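[1] only geometry, no sequence info:
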């Protein structure tokens, strides 16, 4: 049985090594091209990730800056409301003083005018002192 299966190198098919080398070189080149494409894709993904992270960080910083500005403006609003309130009170006092000054012109004699004048000047001095 083993007589029919003898190894005879002369009966073996001939392999053209130039074709095999060309095929191997082609496979190696294809692998190298694929590897370069994968590396390029990975670099592109990394760049995009870094760009998004930088944009997100800039957005966070801008949001924090805006919130701080809003906080400062809100703090100043309380001061402004207080000043406006005091200003309105002072305007009321000034209107009263002007009305008293006008009563000087309506005085019937010099003594009455002088009395009103003294009273008005005292009120003006008190208002200035309070302010």
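    Great, that's in hand. Just so you know, these numbers come straight off a predicted model, no measurement behind them.

[2] helices or strands up against the biggest helix by length in the chain?
    Longest helix in the chain by number of residues (criterion: DSSP state H): helix 17-105. Taking 3 or more Cβ pairs under 8 Å, 6 or more residues apart in numbering; DSSP states H and E as contact, the helices and strands that helix 17-105 lies on are helix 110-130. Quick note: C-beta positions are derived from backbone N, CA and C, even for glycine.

[3] list the buried residues in the helix it packs on.
    Using 16 or more other Cβ atoms under 10 Å as the burial criterion, the residues of helix 110-130 that qualify are 116, 117, 120.

[4] other residues contacting that helix?
    If you take Cβ atoms under 8 Å, 6 or more residues apart in numbering as the criterion, helix 110-130 is touched by 90, 93, 94, 96, 97, 100, 101, 103, 104, 107.

[5] now a ChimeraX select for only the buried ones of those.
    Buried residues among the contacts of helix 110-130 (16+ other Cβ under 10 Å), as a ChimeraX selection:
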select :93
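
[6] any idea how far residue 115 lies from residue 102?
    15 Å (Cβ to Cβ, to the nearest Å).

[7] nope, residue 94 is what I was after
    Taken as Cβ to Cβ, the span from residue 94 to residue 102 is 13 Å.

[8] same question, residue 116
    10 Å.

[9] equivalent analysis for residue 128, please.
    In terms of Cβ to Cβ, residue 128 sits 20 Å off from residue 102.

[10] what of residue 64?
    Residue 64 is 57 Å from residue 102, by Cβ to Cβ.

[11] ok, now residue 51?
    Residue 51 is 73 Å from residue 102, by Cβ to Cβ.

[12] helix/strand/coil for residue 14?
    Assigned state for residue 14: coil (three-state reduction, DSSP: H, G, I helix; E, B strand; the rest coil).

[13] and it, how many neighbours does it have?
    5 (other Cβ atoms under 10 Å).

[14] same thing with residue 70?
    10.

[15] got the confidence number for it?
    We have a pLDDT of 86 for residue 70.
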